[in-house]
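Chemist: one predicted model, sequence on top.
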Amino acid sequence: MREATEIRMVPQADAQRLKLDRDHALTLLREMLRIRRFEEKSAELYSAAKIRGFLHLYIGEEAVAVGGVRALNPDDAMVATYREHGHALVRGISTASIMAEMFGKQEGCSRGRGGSMHIFDTATRFYGGNAIVGGGLPIAVGLALAEKMQGTSRVTACFFGEGAVAEGEFHECMNLAALWKLPVVFFCENNLYAMGTALSRSESETDLTLKAASYEMPAWPVDGMDVIACEEAARRAVLSVRSGEGPCFVEFRTYRFRAHSMYDPQLYRTKQEVEEWKKRDPIATFQARAREAGLISAEDVDAIDHEISTEISRAVEFAEAGAWEPEQDLTRFVYSEKAHL
Amino acid sequence: MNTAAKTIRITYREAIKQAIREAMQRDPRVFVMGEDVGRYGGCYAVTMGLLEEFGPERIRDTPLSESAFVGAGIGAAMGGMRPIVEIMTVNFSLLALDQIVNNAATILHMSGGQINIPLVIRMTTGAGRQLAAQHSHSLEGWYSHIPGIRVLTPATLEDARGMLWTALQCPDPVLIFEHGTLYNMEGDLAADAGAIEIDKAAIRRSGKDASLITYGGTLHKALKAAEELSAAGIDAEVIDLRTLRPLDTAAILDSVTRTHRAVIIDEGWRSGSISAEISARIMEGAFYELDAPVARVCSAEVPMPYAKHLEDAALPSVPAIISAVRGMVGENG
């Protein structure tokens, strides 16, 4: 019998270490910058009242979604939270359909019925966008159960924040996934604050990997501000899960630079703390690193920036030009329009 | 020999089990998941023997984690399976409310029609077995408040046998409420009893003087009351709603239009209840047909007491139904 909960990491062969080349570096930078610019534009459009409701920005946390989602195959499934624009973008849902969704237009990926917090896309097996903290975990466990029962080798990735570990659903799901050895990978985005409640003010044990490890699954932390580290950890976890070893838990230690939502005056943290974290900006640090290594040039960055800015402008135009769903369609999709599936 | 007329002697419990067995034989995507459904055989013995027949992959015992296994049912349904999730009793379903209300009921709509959840959740409901306040809820009417789910309340052997298959064919989440006092009910069922629609009420007894509108466990009390009223010269019609969502408003209004009087019998509490909803629909759709105000026989507004005499006093009873009908028909009967 073990004397204490033991933290296990999935072993990693040196061969699995990411060897960063120019293309890879450009992709990582492009993906992170797309999220950053998309979020900045979203904040602007929120102020212009084009986007309404709750809007939760991912700025500062880009490395996590980029690293985590890139570790998945196209036919894997994923579940995310209400702060999911970044995950949706990296997953390959079109920028235009996400923007149109936030405008509430019928061209949006959820026909304007979900908004910022409820992005869904069956084509990329993106199962939301869940606004209940912890509420997506059971769904991810169920998706993984379906894969296992159908004998596929597909993995389900479940992204959630550290606030979810205080929910009963987290513990129920860790247990069930490990008990049944389900192919689900838990990607915990620890940005230190559950809205305004610091982890240390809400958890008796602040080492989240200990909680997951107590359910008999490999669990380890990773620097969530380092996109390479994120991708490596995610690939390592996904590989282990896909091989039938049961679930894995990766804690990405990250930080949200912006407010929780557009209504948050940020009384719970100091400006100094935010500034300290900004020094570790995942985009700036990666860019510097890649340039230092001679993988990318200043021109590359300009070209990427230009390309993204065009893509986002087009997305906004698409959303602007989109149609409002007719009111007579209001009660569609409460029940299925198909008699059978 | 006329095989079509062949019947079998069966209980409500066994009828559900046969429905589950048949579904599992017909469709490899169907599986059962819940607390004690396997080794134990089901809290109410509905799944007894199925583990031996179908194995632990398809008859899955779960930990006491209602939110996780109900949500896993939602996820598995999204992922191509056809789960039947058993929640031991309706009171435990409260621990899975987040998954039922925030996910199962909303995701088709929130996803703009992209994602179906073909999930069936079965649970025991109702009082009458001296199980006290936490094990005697009748919350099916409460669930029927929620758009996006279907709520079924089979009260007969035919419905117990036939509604499950239709529910499994449905692309949307279906909640099936089985009243705890019905499991031992025994009777004759057609050997070839098959699928039954899940959006229509049924007239269980035709009558012309008053409509007794009910469902689930109280159906049998209403039928008994109708029989006693008949001896007194009052001809009551008994409507079995069978489905609380969607509610078969047309069948309710049609009956009331013929009888001109309505008594709603509901084991739920009166305030904010399905009985209030039915009454409102009668006002909206058949007000000028009424010869008397709509009456309701509901449970007393009290957490269900343990003591037998108090529990009986709290529940809708045959005498209370008779008295309500007499009150509106007049004392000539």
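Modeler: Cool, the structure landed.

Chemist: just the helices from the stretch 51-200 of chain B, written as ranges.
Modeler: Assigned helices in the stretch 51-200 of chain B, in chain order: B:66-78, B:90-93, B:97, B:107-110, B:140-143, B:157-169 (criterion: DSSP state H, counting those that start in this stretch).

Chemist: hmm, who's touching the fifth one?
Modeler: Helix B:140-143 is contacted by residues B:90, B:100, B:125, B:149, B:151, B:153, B:175, B:177, B:215-216, B:244-245, B:266, B:268, B:273-275, B:277 when judged by C-beta atoms under 8 Å, 6 or more residues apart in numbering or on different chains. Where you see a C-beta, it was placed from the backbone N, CA and C, and this is true even at glycine.

Chemist: on that earlier part again, can you list the helices of the stretch 51-200 of chain B in CSV and add mean pLDDT and mean neighbour count?
Modeler: Below are the helices of the stretch 51-200 of chain B laid out as CSV (pLDDT from 0 to 100; neighbours: other C-beta atoms under 10 Å in any protein chain shown):
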stretch, mean pLDDT, mean neighbour count
helix B:66-78, 98, 30
helix B:90-93, 97, 21
helix B:97, 97, 15
helix B:107-110, 98, 25
helix B:140-143, 97, 24
helix B:157-169, 96, 23
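
Chemist: what's around A:A213, how many residues?
Modeler: Neighbour count of A:A213, defined by other C-beta atoms under 10 Å in any protein chain shown: 20.

Chemist: now do A:F318
Modeler: With other C-beta under 10 Å as criterion, A:F318 counts 19.

Chemist: surely it and A:E107 touch.
Modeler: Yes. Using C-beta atoms under 8 Å, A:F318 is in contact with A:E107, at 6.9 Å.

Chemist: can you list residues touching both of those two?
Modeler: With C-beta under 8 Å, 6+ apart as the test, A:F318 and A:E107 both reach A:A96, A:A100.

Chemist: quick one: the strands in chain A, in order.
Modeler: Along chain A, counting by DSSP state E, strands occupy A:77-81, A:120-121, A:126-130, A:156-161, A:184-190, A:193-194, A:197-198, A:219-223, A:248-253.

Chemist: packing partners of the last one?
Modeler: Counting by 3 or more C-beta pairs under 8 Å, 6 or more residues apart in numbering or on different chains; DSSP states H and E, the packing neighbours recorded for strand A:248-253 are helix A:62-70, strand A:184-190, helix A:208-213, strand A:219-223, helix A:227-240.

Chemist: give the bridge partners for the closest residue to B:L223 other than its chain neighbours, please.
Modeler: In this structure, B:L223 finds its nearest non-sequential neighbour in B:V238, 5.5 Å apart by C-beta to C-beta, 6 or more residues apart in numbering or on different chains. Note on B:V238: beta-bridge partners B:R205, B:L212, judged by DSSP bridges.

Chemist: ok, which residues in the stretch 151-300 of chain A are in contact with chain B?
Modeler: For the stretch 151-300 of chain A, the residues in contact with chain B (C-beta under 8 Å from any C-beta of the partner chain) are A:T156, A:G168, A:E169, A:E172, A:C173, A:N175, A:L176, A:L179.

Chemist: who touches B:Q18 in this structure?
Modeler: B:I10, B:R161.
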